[in-house]
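1. Any chance you could fold what I've pasted below:
(one chain, ligands or ions: 1)
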Amino acid sequence: MRVRILGSAAGGAFPQWNCACPNCGAVRSRTFHGKARMQTQIAISADPATWFLLGASPDLRSQIEATPELQPQASAAAADPSRPPRERSAQKNETASSPARQSPIAGAVLLNADIDHVLGLLLLRELQPLRVHATESIRRILSEDNSMFAMLQRVPDQLTWSCFNPRVAFPLLDASGKDSGIRCRALSLGTHFPAYVSAERRSQFAAGEASLGLMIESPSHKRLAYMPAVPEISEDLVREFDSADVLMFDGTFWSDDELIRTQGSGQTARQMGHVPVSSPQGSLSRLAQLRRPRKIYIHINNTNPMLNEAGREYREVRDAGWELAEDGCHYEL
Ligand SMILES: [Zn+2]
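-> Next up, the predicted model:
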């Protein structure tokens, strides 16, 4: 299984458009020791012609253009010069499988309904057949409450929903229903739906479907634990992580009060559903006992001081055996 990191920042990316924190300011003045990052996006594949997205980031268009494996290949029919041009060119209003529209992106798995995790789906509206794996709650929030998502269901077979329940393993299927050989199992991590979901609407959904992590098993039985938003680390979670070959873990905030200190108000990291990296109960300390997985921080907020590769926080994380995800990194599992 191939795993590609297309983006590794938290919502807002790095630098963030309205942020003048020390990190964002240093990137803009070209004095920063580290890398800019797009919003978190992973793509996985067990076969070069079929890729699945984990979430769908607002930066998806740029991320696809930066990743040749995710770009469309002209089909034999579309490239055949003996065919009349009408047959060769894609028509805007036909069914969802036009010959020149050949993206290897077969679908996505959604772990929450946050804007920075689902907005990219709207960028995939150009009639590509897709299958989206999600919980029933997330499907209903997007397709019943957000009318723009109707653009993904304009023609037959454009977007097919496959609903899953937390803790129950499911196969990743392409749009036609073909099994990729990749197996997933979602873990309930947070109980907060996004703020745009009304309190009345929230009461209609299962809280355990609000925010998930994903255990992914390759056809060769290698495991990736993908955990971009973890509010607290239980002993059960630690056991799950120690069964993985690679752990991609919530690196959003270094400290619990980071955003409050940066912007003068707001919520703590834990209130936002993210255990901080530092402090005795933070992830660096709580996950120090893990022996098996390669450990990678992902979903890193622009305010996080560990982004500065000249700083003590970066050194502390690297000395503890962790890596920081970077856009363009890839792994074989
Ligand atoms: Zn910033």
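2. Tell me if I'm right that residue 330 and residue 42 touch.
-> No. Residue 330 lies out of contact with residue 42 (CB atoms under 8 Å); the separation is 10.2 Å. From N, CA and C alone the C-beta is placed, and that goes for glycine too.
3. who touches both of the two?
-> By CB atoms under 8 Å, 6 or more residues apart in numbering, residue 330 and residue 42 have these common neighbours: 3, 4, 5.
4. Show me which of residue 330 and residue 42 is the more surrounded one.
-> More crowded of residue 330 and residue 42, by other CB atoms under 10 Å: residue 42, with 24 against 12.
5. ok, what's across the strand from that one?
-> residue 5, residue 54 (DSSP bridges).
6. Give me the secondary structure label for the closest residue to the ion within the stretch 151-300 of the chain.
-> Residue nearest to the ion within the stretch 151-300 of the chain: residue 262 (7.1 Å; CB to the ion). At residue 262 the chain is in helix, as set by DSSP: H, G, I helix; E, B strand; the rest coil.
7. before we move on, the earlier item: please tell me which one of the shared contacts of residue 330 and residue 42 counts the most neighbours.
-> residue 5 (23 neighbours).
8. wait, what's in contact with it?
-> 41, 42, 298, 325, 326, 327, 328, 329, 330.
9. I'd like to know which of these is nearest to residue 215.
-> Here the nearest of the contacts of residue 5 to residue 215, counting by CB to CB, is residue 42; it sits at 13.7 Å.
10. show me where the stretch 1-150 of the chain has strands.
-> In the stretch 1-150 of the chain, the strands defined using DSSP state E, counting those that start in this stretch lie at 2-7, 41-47, 50-54, 105-109, 130-134.
11. starting at the chain centroid, how far to the first one?
-> It stands for strand 2-7. Centroid separation for strand 2-7 versus its chain: 9 Å, with CA atoms, centre = their mean, to the nearest Å.
12. what's the answer for the longest one, then?
-> A distance of 11 Å separates the centroid of the chain from that of strand 41-47, by CA atoms, centre = their mean.
13. What is the burial count for the closest residue to the ion within the stretch 101-250 of the chain?
-> In the stretch 101-250 of the chain, the residue that lies nearest the ion is residue 116 (14.8 Å; CB to the ion). Neighbour count for residue 116, taken as other CB under 10 Å: 24.
14. Now that it has come up, it's in contact with residue 41, right?
-> No. Assessed by CB under 8 Å, residue 116 is found out of contact with residue 41, at 9.6 Å.
15. shared neighbours of these two, anything?
-> With contacts defined as CB under 8 Å, 6+ apart, the residues adjacent to both residue 116 and residue 41 are residue 57.
16. number of nearby residues for the residue lying closest to residue 32 once chain neighbours are set aside?
-> Distances taken as CB to CB, 6 or more residues apart in numbering put residue 26 closest to residue 32, at 3.7 Å, once the chain neighbours are dropped. Residue 26 has 17 neighbours, counted by other CB under 10 Å.
17. Equivalent analysis for residue 261, please.
-> Residue 261: 11 neighbours (other CB under 10 Å).
18. if I pick it, what's in contact with it?
-> By CB under 8 Å, 6+ apart, the neighbours of residue 261 are residue 255.
19. Residue numbers of the chain in contact with the ion?
-> Proximity of the chain to the ion (CB under 5 Å from the ion) is limited to residues 19, 21, 24, 302.
20. isn't the second one right up against residue 302?
-> Yes. Judged on CB under 8 Å, residue 21 makes contact with residue 302 at a distance of 6.5 Å.
21. which residue ranges form the strands in the stretch 151-300 of the chain?
-> Using DSSP E, counting those that start in this stretch, strands in the stretch 151-300 of the chain cover 159-163, 170-173, 179-190, 211-217, 223-227, 246-250, 294-298.
22. For the ones you listed, give me CSV that also has distance to residue 256 and mean neighbour count.
-> Listed next are the strands of the stretch 151-300 of the chain as CSV, based on distance: least, CB to CB, whole Å; neighbours: other CB atoms under 10 Å:
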stretch, distance to residue 256, mean neighbour count
strand 159-163, 35, 19
strand 170-173, 34, 18
strand 179-190, 16, 20
strand 211-217, 18, 23
strand 223-227, 18, 24
strand 246-250, 13, 25
strand 294-298, 16, 22
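23. export the ones you listed to JSON lines and tack on mean pLDDT?
-> Shown next, in JSON lines, are those (pLDDT from 0 to 100):
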{"stretch": "strand 159-163", "mean pLDDT": "98"}
{"stretch": "strand 170-173", "mean pLDDT": "98"}
{"stretch": "strand 179-190", "mean pLDDT": "97"}
{"stretch": "strand 211-217", "mean pLDDT": "98"}
{"stretch": "strand 223-227", "mean pLDDT": "98"}
{"stretch": "strand 246-250", "mean pLDDT": "98"}
{"stretch": "strand 294-298", "mean pLDDT": "98"}
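24. which regions of the stretch 1-150 of the chain sit below the pLDDT cut-off?
-> 75-101 (pLDDT under 70).
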